[in-house]
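>>> Dropping a prediction and its sequence here:
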Amino acid sequence: MARPNSAKRLSPSAAVNRLEELYVKATSELAKALDRYLETRSPPSAEVRASFRYPLLRVTHSGTEQPAAAFGRAWAKLQRPGAYETTITHPAAFRSYLLEQLEALVSDYGATLDVSVSKQEIPYPYVLERAAELAKAGVTTGELARHFPIPQLAEVGDEIADGEWRFVDGEPRPLALFDAARSDFSLRRLVHYTGSDWRHVQRWILLTNYQRYIDQFIRYGLAELQKPGSFDRLVLPGNVVITRADAKAGADRLIASSQWHKFQMPAYHLAHGDGHLGDGVTLINIGVGPSNAKNITDHLAVLRPNCWLMVGHCGGLRESQSIGDYVLAHAYLRQDRILDSLVPPDIPIPALAEVQVALQDAAAAVTGARGEALRHRLRTGTVVTNDDRNWELRFAQERKRINLSRAIAVDMESGTIAAQGFRLRVPYGTLLCVSDKPLHGEIKLPGAANAFYETAVAQHLEIGLAALELLKQRRDTLHSRKLRSFDEPPFR
């Protein structure tokens, strides 16, 4: 049945085109005004400054048109009639994501789309990085703050994601979890921590806590680049790009030129095609501890990845486990403490069946084990995530809690990453490898650790990569209703 006035409505493609046009215009005006100030010390007029604003996207649902049939999709749903709004940054980079959301809302609900200029100013540091120019011109950041928009922490928050926003009758509801200012804040942080442009981050993400996984990922990436029809570039920290041609000759020189050690959480991206935020794989060494885990996932979430998986080391807590065995977390005893005020420990963090099945299938495929052999090698159970690396020194206090929880492994990041995925609506999972058994006298000593690393890391990483490939094939079922609350913004 034809929808009324459909010819007059702004299509999703036209809406995104308009977002791009307004964003480019605003950022270009901001750049020109800053250039003029550095040259002449002439500040922008109020009229010119009014052009430094993010574009605004509005979706309106009249309520007269409801989907003809129920659908299984967990996102792009309009739960009640009315207007929904958000500001948008970098619409060109997010084009495929925006179209995916808008096309579903328009086709299923007959939603109307409007694009205009918002009241939210674009902070100049999010658009321009000119520290050297500023110093040469003798201009301080404090001086610029008097004439140009700067980041305002009061405008950057997670109230929508955390369910703390307040609806005002007659006002639009939020369209997305993160607006433009919150997104830009995280995009700049990603560059700072990972050492590469945020546009290189792929939609499928592996997080690890050990550099040897990075070394293996680079070897894997170089091999993939030499396969026809596979990935076409490997991006290293510092935006060092290794192409298919480089993989055959010159890769060692490019790898050596990547100063990964300058960045706190270096990221590596295996990608194909020309689009930003592509369908490849990103691996990030997040280091050790729940603080790092929360930090990086806070920022990755604005990219709306399809999934993040933790592939790291853990301490095995059962006598029957062996060094090199795997642990597939199906529950988390969260003693990270860093998220207690946002996601209290008494809030359950569910295992996502789609992710669990993919990890188990991948483990079976890579190890070749089936049935009882796989169960012997891959244990499913509760993982304790602790914020104290030396928890063993107070085992008398920890013993009862470990016993009651029936935990089979302990680490410092998995529970945080899972809770962040739950909180920020990003599918998550954990596959750990037992590197020591602290309760049974098998502690991590240099010689034993090196032998373990040489044999276990390559296979463990291969399982993580294989799981992501399976999830790509099963993507339609991945974004689960388990991650959506009763009053969600329409955008995933």
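Now that the structure is in, tell me what you want to look at. Residues are numbered from 1 along each chain as shown.

>>> Any regions of the stretch 201-350 of the chain where pLDDT drops low?
Along the stretch 201-350 of the chain, segments meeting pLDDT under 70 span 275.

>>> Show me where this structure has its strands.
Under the criterion DSSP state E, the chain carries strands at the ranges 53-61, 82-87, 112-121, 173-174, 204-208, 233-236, 240-243, 267-271, 281-285, 307-316, 326-335, 378-386, 407-411, 428-436.

>>> Present those strands as a markdown table; the columns should include mean neighbour count and distance to residue 417.
All C-beta spots, glycine's among them, are computed from the backbone N, C-alpha and C. Conversion of the strands of the chain to a markdown table gives the following (neighbours: other C-beta atoms under 10 Å; distance: least, C-beta to C-beta, whole Å):
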| stretch | mean neighbour count | distance to residue 417 |
| --- | --- | --- |
| strand 53-61 | 23 | 30 |
| strand 82-87 | 21 | 26 |
| strand 112-121 | 17 | 30 |
| strand 173-174 | 20 | 25 |
| strand 204-208 | 25 | 6 |
| strand 233-236 | 24 | 23 |
| strand 240-243 | 18 | 27 |
| strand 267-271 | 27 | 15 |
| strand 281-285 | 26 | 11 |
| strand 307-316 | 26 | 5 |
| strand 326-335 | 23 | 9 |
| strand 378-386 | 22 | 9 |
| strand 407-411 | 26 | 10 |
| strand 428-436 | 25 | 6 |
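
>>> Among the ones you listed, which comes closest to residue 182?
strand 82-87 (9.3 Å; C-beta to C-beta).

>>> List the strands paired with the closest one, with their directions.
Applying DSSP bridges to the sheet, strand 82-87 is found paired with strand 53-61 (antiparallel), strand 173-174 (parallel).

>>> JSON lines for those, including distance to residue 282 and mean pLDDT?
Output for the strands paired with strand 82-87, formatted as JSON lines (distance: least, C-beta to C-beta, whole Å; pLDDT from 0 to 100):
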{"stretch": "strand 53-61", "distance to residue 282": "26", "mean pLDDT": "97"}
{"stretch": "strand 173-174", "distance to residue 282": "27", "mean pLDDT": "96"}
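
>>> Out of those, which is closest to residue 342?
Residue 342 lies closest to strand 173-174 among the strands paired with strand 82-87, at 17.7 Å (C-beta to C-beta).

>>> Please compute how far that closest one lies from its chain's middle.
On the basis of C-alpha atoms, centre = their mean, to the nearest Å, the separation between the geometric centre of strand 173-174 and that of its chain is 22 Å.

>>> Over to stretch 346-364?
Taking C-alpha atoms, centre = their mean, one finds stretch 346-364 lying 18 Å from the centre of the chain it belongs to.

>>> list the buried ones in that stretch?
Neighbour-count burial for stretch 346-364, with 16 or more other C-beta atoms under 10 Å as criterion, is recorded at 349, 351-352, 354-360, 362-364.

>>> ok, and what's touching that stretch?
For stretch 346-364, the external contacting residues (C-beta atoms under 8 Å, 6 or more residues apart in numbering) are 307, 309, 326, 328-332, 334, 343, 369-370, 374, 377-378, 380, 415, 418-419, 422, 427-429, 431, 463-464, 466-471, 474, 477-478, 480, 482-483.

>>> hmm, back to that, for residue 258, which of the strands paired with strand 82-87 is the nearest?
The closest of the strands paired with strand 82-87 to residue 258 is strand 53-61. By C-beta to C-beta, the value is 33.5 Å.

>>> now the angle between strand 112-121 and that closest one, please.
Angle, strand 53-61 to strand 112-121, by axes from the mean of the first three to the mean of the last three C-alpha atoms, to 10 degrees: 150 degrees.

>>> then strand 53-61 to PDB, C-alphas only?
Backbone C-alpha positions of strand 53-61 (Å, rounded to 0.1, in the frame of the first residue of the first chain) are rendered in PDB as follows:
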ATOM      1  CA  ARG A  53      27.100  24.200  14.700                       C
ATOM      2  CA  TYR A  54      26.500  20.500  14.300                       C
ATOM      3  CA  PRO A  55      23.700  19.300  12.000                       C
ATOM      4  CA  LEU A  56      20.500  18.100  13.700                       C
ATOM      5  CA  LEU A  57      18.600  15.000  12.500                       C
ATOM      6  CA  ARG A  58      15.000  14.600  13.500                       C
ATOM      7  CA  VAL A  59      12.800  11.500  13.000                       C
ATOM      8  CA  THR A  60       9.000  11.900  13.400                       C
ATOM      9  CA  HIS A  61       6.600   9.100  13.900                       C
END
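
>>> if I look at the most centrally placed residue in the chain, how far off is residue 319?
Closest residue to the average C-alpha location of the chain: residue 300 at 2.9 Å, with C-alpha atoms, centre = their mean. To residue 319, residue 300 is 37 Å away according to C-beta to C-beta, to the nearest Å.

>>> try residue 429
26 Å.

>>> swap in residue 260?
Using C-beta to C-beta, residue 260 is found at 39 Å from residue 319.

>>> The two: which has the busier surroundings?
Set residue 260 next to residue 319 and count neighbours by other C-beta atoms under 10 Å: residue 260 wins out with 19 against 9.

>>> my read: the more buried one touches residue 284, true?
No: contact status for residue 260 versus residue 284: not in contact, 11.2 Å apart, counting by C-beta atoms under 8 Å.

>>> which neighbours do these two share?
Both residue 260 and residue 284 are in contact with residue 266, where contact means C-beta under 8 Å, 6+ apart.

>>> List the residues that contact residue 434.
The contact partners of residue 434, by C-beta under 8 Å, 6+ apart, come to 313, 314, 315, 316, 321, 322, 323, 324, 325, 326, 327, 409.

>>> Backbone dihedrals for the fifth one, please?
The phi/psi pair for residue 321 (degrees, to the nearest 10) reads phi -80, psi 150.

>>> how much space is there between the closest residue to residue 51 other than its chain neighbours and residue 19?
Spatial nearest neighbour of residue 51, excluding adjacent residues (C-beta to C-beta, 6 or more residues apart in numbering): residue 29 at 4.5 Å. When distances are taken as C-beta to C-beta, residue 29 and residue 19 turn out to be 16 Å apart.

>>> More neighbours: the two, which one.
When neighbours are counted by other C-beta under 10 Å, residue 19 comes out ahead of the other of residue 29 and residue 19, with 25 against 18.

>>> Am I right that that one is in contact with residue 115?
Yes: using C-beta under 8 Å, residue 19 is in contact with residue 115, at 5.6 Å.

>>> residues shared between the contacts of the two?
Counting by C-beta under 8 Å, 6+ apart, the common neighbours of residue 19 and residue 115 are 55, 57.

>>> In the sheet, which residues pair with residue 270? Tell me.
Applying DSSP bridges, one finds that residue 270 bridges with residue 234, residue 281.

>>> got a list of what it touches?
Taking C-beta under 8 Å, 6+ apart as the test, what residue 270 contacts is 202, 217, 220, 221, 224, 231, 233, 234, 280, 281, 282, 283.

>>> For residue 205, see how far away it is.
11 Å.

>>> contacting residues around the closest residue to residue 116 other than its chain neighbours?
When the adjacent residues along the chain are set aside, residue 116 lies closest to residue 56, with 5.1 Å between them (C-beta to C-beta, 6+ apart). Under the criterion of C-beta under 8 Å, 6+ apart, the contact partners of residue 56 comprise 85, 86, 87, 88, 115, 116, 117, 118, 120.

>>> count of residues packed around the closest residue to the first one other than its chain neighbours?
Of all residues beyond its chain neighbours, the one nearest residue 85 is residue 172 (4.1 Å), with distances taken as C-beta to C-beta, 6+ apart. Residues within reach of residue 172, counting by other C-beta under 10 Å, total 16.

>>> Which stretches in the stretch 301-450 of the chain count as helices?
Per DSSP state H, counting those that start in this stretch, the stretch 301-450 of the chain has helices spanning 353-367, 371-377, 395-405, 414-424, 446-473. These are given in chain order.
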